[in-house]
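**Student:** below are the sequence and a predicted model; questions follow.
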Amino acid sequence: MGDLLAELEHLLRSEGMTREEAMFFKECKDRAIKDFTVGACASSAIAWIASRSLVPWHRFSLSAGSGMLAGMWRFNHSLDACVDKILGRDWDRMKLGLAGIIMKRHMYNPSRVKLLSKHMYPEEVFNDLNPDRAFTLWRFRNMYAEGNDVQKFQYSKVENYKNSTAKEQPKQIIPG
């Protein structure tokens with residue numbers, strides 16, 4: 001999930017990042033590094049103590065390998081928690097930006113769609129531009145909008161359904 005956070009940070013920096021957003025990213029990075037360090041050190045120490053009967057070179061290799069695996073597992077878990085925290089936030093541009101990145105670039109990655117589906121749900125909708133073919137709207141679970149209010153919250157516009165040559169249906173993110 002580190003690449004999602006990097007893409008979101010790049011997007012926000014290009015639009016002008018606020019101080020709160022910068023602090024959030026700094027806290028996420030610091031927490032991830034701390035979790036990596038703690039996981040790696042703890043696992044290495046346990047493997048070192050548990051492998052007393054081995055030759056020192058094998059003992060070192062086992063300790064270093066287990067440290068890297070445990071550290072990377074904790075690091076990945078920490079980044080997942082940061083992404084989940086962003087998607088769980090109130091209605092702000094970090095949440096919209098991350099949802100847009102997942103929908104546009106990572107729609108076919110099952111782990112990312114699973115993370116997104118915790119906070120959004122897909123809905124098949126027909127419109128006037130293409131009445132015989134449905135397209136998918138992703139709506140945030142914690143927001144309700146009715147009638148013309150939906151148009152106010154529209155995140156990305158669906159363009160030229162009839163001229164589209166792609167097999168995939170266009171996707172939208174609309175709260176509500």
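**Tutor:** Cool, got the structure.

**Student:** helix, strand or coil for the nearest residue to residue 125 once chain neighbours are set aside?
**Tutor:** The shortest distance from residue 125 to any non-neighbouring residue, by C-beta to C-beta, 6 or more residues apart in numbering, is to residue 137 (5.1 Å). Placement of C-beta: from N, CA and C, glycine included. Secondary structure for residue 137, judged by DSSP: H, G, I helix; E, B strand; the rest coil, is strand.

**Student:** gap between residue 137 and residue 74?
**Tutor:** Residue 137 sits 36 Å away from residue 74, going by C-beta to C-beta, to the nearest Å.

**Student:** show me where pLDDT drops low in this structure?
**Tutor:** Residues of the chain meeting the criterion pLDDT under 70: 91, 142-176.

**Student:** mind doing that once more with 80?
**Tutor:** Counting by pLDDT under 80, the chain shows low-confidence ranges at 1, 90-92, 107, 113, 115-131, 134-176.

**Student:** who are the contact partners of the residue nearest the centre of the chain?
**Tutor:** Among the residues of the chain, the one closest to the centroid is residue 83, at 4.6 Å (C-alpha atoms, centre = their mean). Neighbour list for residue 83: 1, 4-5, 98, 115 [criterion: C-beta atoms under 8 Å, 6 or more residues apart in numbering].

**Student:** can you tell me the element it falls in?
**Tutor:** Element membership for residue 83 (DSSP states H and E) is helix 56-87.

**Student:** next, the buried residues of that helix.
**Tutor:** Across helix 56-87, burial judged by 16 or more other C-beta atoms under 10 Å covers 59, 62-63, 66-67, 70-71, 74-75, 78-80, 82-83, 86-87.

**Student:** let me know the closest of those residues to residue 43.
**Tutor:** Comparing these against residue 43 with C-beta to C-beta places residue 70 closest, at 3.4 Å.

**Student:** in this structure, which residue sits furthest out from the middle?
**Tutor:** Computed with C-alpha atoms, centre = their mean, the residue of the chain farthest from its C-alpha average is residue 53, at 43.5 Å.

**Student:** got a list of what residue 2 touches?
**Tutor:** Residues near residue 2 by C-beta under 8 Å, 6+ apart: 32, 76, 79.

**Student:** now with 10 Å?
**Tutor:** Each residue near residue 2 by C-beta atoms under 10 Å, 6 or more residues apart in numbering is listed here: 28-29, 32, 75-76, 78-80, 82-83.

**Student:** distance check, it against residue 123.
**Tutor:** Distance of residue 2 to residue 123, given as C-beta to C-beta: 30 Å.

**Student:** same thing with residue 34?
**Tutor:** Distance from residue 34 to residue 123, counting by C-beta to C-beta: 40 Å.

**Student:** same thing with residue 112?
**Tutor:** The spacing between residue 112 and residue 123, counted by C-beta to C-beta, is 19 Å.
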